[in-house]
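> Sequence first, predicted coordinates after that:
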Amino acid sequence: MRLALVSLIAATGFASTALAQLDPMQPQTSPGQPMPMPMPAPNNSSAAPATPSDSAPSAATATPPAPPTDPAAIALVSTLDNVCIPAVAGGDLAKLAKANGFKASGDNFVEKRQGYQLTILAPGSNPTQCHVDVVHPIDPEAPAKPIVVALHNWAVDGRGWSLYRNDKSVTGAQELTTRSWEHDSPPNHEALVITTYRKADGTPSQHSADTSTMIYSLTKMAG
């Protein structure tokens, strides 16, 4: 299923409708250098998981990570659970989005709160994917750190997924920081990607906010 995930990640190298209005995107041509994962380790250790082999701690010894406290991270994880996953599995995106506080905006669905904004994009010709654009606060330590931590804990600690990609690259006038996770549960393959877009010099794409895109994908395994 590597080809499916690579295709999914490549899609994050292009601007979505909402973010294109903020900062024009360029296609990502290749991964950049590995980045430290800004992850709290189990038992409050300072070590951070960085490879798929570290991504499945023993249930007998690991302490579950604390739930997210960042409002944007909380909202994004909730959207993943309550809108993206059931929609990609065949649910009605419009009904799911509206039931979870989103308002229709053209073909998309928007939730705007103090400090952040989520935009669920219409699936178009990709019903197996759910794209959510996020405008969120700038974290001084790492791009989208609270969101990355929350999604990593959701995927790895909560569900035993593997960290697949963790890097930063500069393409044209844009810097992309990408993390992704994947999981096989025959006959399904699931993938989750979060990409944060900044200017090539590492400064945020907006004056007082960062912009990211989360993509959740569910595909059938070959054979």
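Cool, the structure landed. Note that this is a predicted model, so its numbers are computed, not measured.
> So which helix or strand of the protein has the lowest pLDDT on average?
In the chain, the helix or strand scored least confidently by mean pLDDT, DSSP states H and E is helix 17-20, which has a mean of 41.
> Tell me what residue 111 is bridged to.
Counting by DSSP bridges, residue 111 is bridged to residue 118.
> In stretch 95-113, which residues are buried?
When burial is assessed from 16 or more other Cβ atoms under 10 Å, stretch 95-113 yields the following buried residues: 96-97, 100-102, 108-111. Placement of C-beta: from N, CA and C, glycine included.
> So which of those are in helices?
Counting by DSSP state H, the members of the buried residues of stretch 95-113 that fall within helices are 96-97.
> Relative to residue 211, which of the buried residues of stretch 95-113 is nearest.
Proximity of these to residue 211 was ranked by Cβ to Cβ; the top entry is residue 110 with 14.2 Å.
> so the closest one makes contact with residue 119?
Yes: under the criterion of Cβ atoms under 8 Å, residue 110 lies in contact with residue 119, with a separation of 5.1 Å.
> Please enumerate the shared neighbours of these two.
Counting by Cβ atoms under 8 Å, 6 or more residues apart in numbering, no residue touches both residue 110 and residue 119.
> Contact partners for the spatially most central residue of the chain?
The geometric centre of the chain, computed from its C-alpha atoms, lies nearest to residue 194 (Cα atoms, centre = their mean), at 2.7 Å. When contacts are counted by Cβ under 8 Å, 6+ apart, residue 194 is found next to 144, 147-148, 151, 178-180, 212-214.
> Redo these as JSON lines? Include distance to residue 81 and neighbour count.
What follows is these, written out as JSON lines (distance: Cβ to Cβ, whole Å; neighbours: other Cβ atoms under 10 Å):
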{"residue": "144", "distance to residue 81": "19", "neighbour count": "30"}
{"residue": "147", "distance to residue 81": "14", "neighbour count": "28"}
{"residue": "148", "distance to residue 81": "17", "neighbour count": "23"}
{"residue": "151", "distance to residue 81": "11", "neighbour count": "26"}
{"residue": "178", "distance to residue 81": "22", "neighbour count": "24"}
{"residue": "179", "distance to residue 81": "18", "neighbour count": "27"}
{"residue": "180", "distance to residue 81": "18", "neighbour count": "25"}
{"residue": "212", "distance to residue 81": "18", "neighbour count": "26"}
{"residue": "213", "distance to residue 81": "18", "neighbour count": "25"}
{"residue": "214", "distance to residue 81": "12", "neighbour count": "24"}
